[in-house]
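In: predicted model and sequence follow; I will ask about them next.
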Amino acid sequence: QVQLVESGGGLVQAGGSLRLSCAASGRAFSSYVMDWFRQAPGKEREFVAYINRSGRGTYYADSVKGRFTISRDNAKNTVYLQMNSLKPEDTAVYYCAAADRLSARENGMNYWGKGTLVTVSS
């Protein structure tokens, strides 16, 4: 079992930045690929980014490419999402997830956090 707890959400103005964190406990964190997803009000949950086990490989949704950066610290059992140049359309609940293999699909995830709310005002 892996427990995931997100933090760092909040209210920010358009153009601003936030850094989300996801702390993991339980089975070896470094054995999992880590993803971030988000769900905007009234919309389906969507993929944001993933990072491979070593941290040297990343992949992003087109909507966030160039603005968001995913990273991980295996010594701290934590994955991060640095979000810059935020837009009102980035407003959503952000979830981290752990997977046994590389995947950008919800059904590819093994464990989920409960999410943290990011609100971007215009």
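Out: Noted; the coordinates are in hand.

In: so what's Pro88 up against?
Out: 14, 120-122 (C-beta atoms under 8 Å, 6 or more residues apart in numbering). Placement of C-beta: from N, CA and C, glycine included.

In: tell me the spacing between it and Arg53.
Out: 34 Å (C-beta to C-beta, to the nearest Å).

In: give me the helices and strands touching the helix or strand where Val93 lies, please.
Out: Using DSSP states H and E, Val93 sits within strand 92-99. Applying 3 or more C-beta pairs under 8 Å, 6 or more residues apart in numbering; DSSP states H and E, one finds that strand 92-99 contacts strand 2-7, strand 18-26, strand 33-39, strand 78-83, strand 111-112, strand 116-121.

In: partner strands of it and their direction?
Out: Paired strands of strand 92-99, with direction, are strand 33-39 (antiparallel), strand 111-112 (antiparallel), strand 116-121 (antiparallel) (DSSP bridges).

In: what angle sits between that strand and strand 78-83?
Out: Per axes from the mean of the first three to the mean of the last three C-alpha atoms, to 10 degrees, the angle that strand 92-99 makes with strand 78-83 is 140 degrees.

In: now the buried members of the contacts of Pro88.
Out: Among these, those scoring as buried are Val120 (criterion: 16 or more other C-beta atoms under 10 Å).

In: where's the residue nearest in space to the middle of the chain relative to Ser85, distance?
Out: Nearest to the geometric centre of the chain sits Trp36, at 2.6 Å (C-alpha atoms, centre = their mean). Note on Trp36: its distance to Ser85, by C-beta to C-beta, is 17 Å.

In: what about the protein, any weak spots by pLDDT?
Out: For the chain, no stretch is flagged by pLDDT under 70.

In: and the helices and strands packed on strand 92-99: which comes nearest Leu102?
Out: Proximity to Leu102, assessed across the helices and strands packed on strand 92-99 by C-beta to C-beta, is greatest for strand 33-39 (5.3 Å).

In: so for the closest one, what gets flagged as buried?
Out: In strand 33-39, counting by 16+ other C-beta under 10 Å, buried: 33-38.
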